[in-house]
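> Fold the stuff below for me.
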Amino acid sequence: MKTDVEELSPTRVRLNVEVPFDELKPSLDKAYREVSRQVRVKGFRPGRVPPPVIDRQVGRDVVLNQAVNDAMPDLYAKAVAEGDVYAMGQPEVEITKLDDGKELTFTVEVDIRPKFDLPDLSTLAVTVDDTLVTPDEVAERLALLQDRFASLKSVQRPVQEDDHVSIDLSASVDGEPVEDAQASGLSYPVGSESLLDGLDQALIGMSAGESATFRSELAGGEFAGREADVTVTVHSVKAKEVPGLDDEFAQMASEFDTLGELRADTRTQLERDKAMRQVVQARDLALNAVLDQVDIPLPESVVQEEVKHNRESIVDQLSRAGATLDGYLEMTNQTEEQFEADLEQRARRAVKVSLVLDQVARDEELGVDQAELSAYVTRQAEQMGVAPDRLAQQLVDSGQLNVAAAEVLRGKAMNVIAERVKVTDKSGHEVDIAAALNAPLLSGEVPADAEADADASETADAETDADAETDADASEAGGTTKA
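Residues are numbered from 1 along each chain as shown. Below you'll find the predicted structure:
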């Protein structure tokens, strides 16, 4: 087989391929066997019809076309290997000549991985947040712990902020009760603003046994978007009692005997959390610094496939939430043109990121071993709430195990970038990212690359998911009520 490569653009080539006819013989024999099993010819059993008879009864051209179609995937793979190109996206194949008994020629137009040079990573610098923990941050973390151990106690006084109340709610529009906007015995934390607009303001100052009416817009149901008269009745008022911050609390809320020990451990945990966030931040900023230095022509078909994939992903999320794309656009104050432009921008960045990370992986000769792949699958399974063995089998069955390996490889490439780029904190201290990435983990900690798995997936795979915004907005766009 002979392959000539014709460059159409920095991201697209045409392969002109000549195939000697004898290379088609295995596929031609297979085609004759399959046709022989399908045709019914008097005097011959199915599967025993000789090729000359098939040529007369069915036609040689039918067999040739079937043989070429069968052989084409392997011929295309050989042509790509011979041409030393890295194909991306779907190829466009055209048979230019099929000379029976002599040769087959065809052309393939396909997008390819563009050639580009990475900058010297050691010349790049990024600044990350400090890991210094302030006394106020320690106090805030301890206050959260106190709140977890708080209890509720009934009080005989008007409602105040942060109280918990038991209430009934009923709404009416134009004097007619709204059936799906009635609720009894709701437990509600005042100040949370998690139900109807105006409810918190109405509750403050009320006492048990009292009722009040206020105006609010209904968030869902038949009267979604309509102003309604909402009546709230308070049945009971409970105040939150927070335990004192002392040694007794330390013994109750932790394994420590004294408040001083608890406070010191809290500081250590905060420092550890900040150090892990610092590593993730360094990875993101270092990657952005590389992207700013690299101008890459992007394979257009790959970008458009990415746009299509991400649009379908968003529409699927909305559909599962009972919402529509039109409702989502209205909720997010976007026009369809703005939505499409955002998809395009995100897709272009995602493709560029994947190209950069793959180049780093090749330059550094990075690989993925079984332990790394298993750890990745385990982390993904935990996030999805499924058994690791089940997810692993699903990846194998769907042929996606190589995709998972690529994500691990890209995560390792991100680590390399973060290790090579100069990283300093806002106080001017140099941060040793390599040491942080390789530091032994304490029980219960999450490795930095695990937190960044999402980054690698997002950048290399989609990064167009509209993230959590889509899910949240989808719920509202779908007409979910707040009351």
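> Following element in sequence after the longest helix along the chain, please.
For the chain, the helix that runs over the most residues, judged by DSSP state H, is helix 259-293. Counting by DSSP states H and E, the next helix or strand C-terminal to helix 259-293 is helix 300-320.
> Average pLDDT for the longest helix of the chain, rounded please.
What helix 259-293 shows for mean pLDDT is 95.
> How far off centre is that helix?
Between the centre of helix 259-293 and the centre of its chain there are 22 Å (CA atoms, centre = their mean, to the nearest Å).
> Run through who's touching stretch 13-28.
1-8, 63-64, 67-68, 70-71, 75, 79-80, 83, 85, 99-110, 112 (CB atoms under 8 Å, 6 or more residues apart in numbering). (Glycine included, C-beta is placed from N, CA and C.)
> Under a three-state scheme, what state does the nearest residue to N415 once chain neighbours are set aside occupy?
Sequence neighbours aside, L437 is the residue nearest to N415 in space, at 5.6 Å (criterion: CB to CB, 6 or more residues apart in numbering). Here L437 is helix, with the state taken from DSSP: H, G, I helix; E, B strand; the rest coil.
> repeat for V13
strand.
> distance of R157 from K238?
Relative to K238, R157 is positioned 11 Å away (CB to CB, to the nearest Å).
> I figured the residue nearest to N415 hits V279, correct?
Yes: counting by CB atoms under 8 Å, L437 touches V279, with 6.4 Å between them.
> which residues of the stretch 351-483 of the chain score low on pLDDT?
Scanning the stretch 351-483 of the chain for pLDDT under 70 picks out 440-483.
> mind listing the strands for it?
Taking DSSP state E, counting those that start in this stretch to define them, one finds strands in the stretch 351-483 of the chain at 422-425.
> quick one: the helices in it?
If DSSP state H, counting those that start in this stretch is used as the criterion, the helices of the stretch 351-483 of the chain fall at 370-384, 388-397, 401-420, 433-438, 448-451, 453-461, 467-477.
> List the buried residues for the longest one?
Right, helix 401-420. 401, 404-420 (16 or more other CB atoms under 10 Å).
> More neighbours: L437 and V279, which one.
V279 (24 against 17; other CB atoms under 10 Å).
> In stretch 121-134, which residues are buried?
So for stretch 121-134, counting by 16+ other CB under 10 Å, buried means 121, 124, 126, 128, 131, 133.
> Now intersect those residues with the helices, please.
Short answer: these have none in helices (DSSP H).
> will you turn those into CSV that also has pLDDT and distance to L196?
CSV is the format used below for the buried residues of stretch 121-134 (pLDDT from 0 to 100; distance: CB to CB, whole Å):
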residue, pLDDT, distance to L196
L121, 95, 53
L124, 96, 51
V126, 96, 45
V128, 95, 42
T131, 91, 42
V133, 94, 39
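> May I see those residues organised as CSV, with distance to P51 added?
Putting the buried residues of stretch 121-134 into CSV (distance: CB to CB, whole Å) gives the following:
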residue, distance to P51
L121, 61
L124, 65
V126, 68
V128, 71
T131, 76
V133, 81
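> how far away is V35 from L121?
From V35 over to L121 (counting by CB to CB), the distance is 58 Å.
> Ok, I314 next?
From I314 to L121 the distance is 34 Å (CB to CB).
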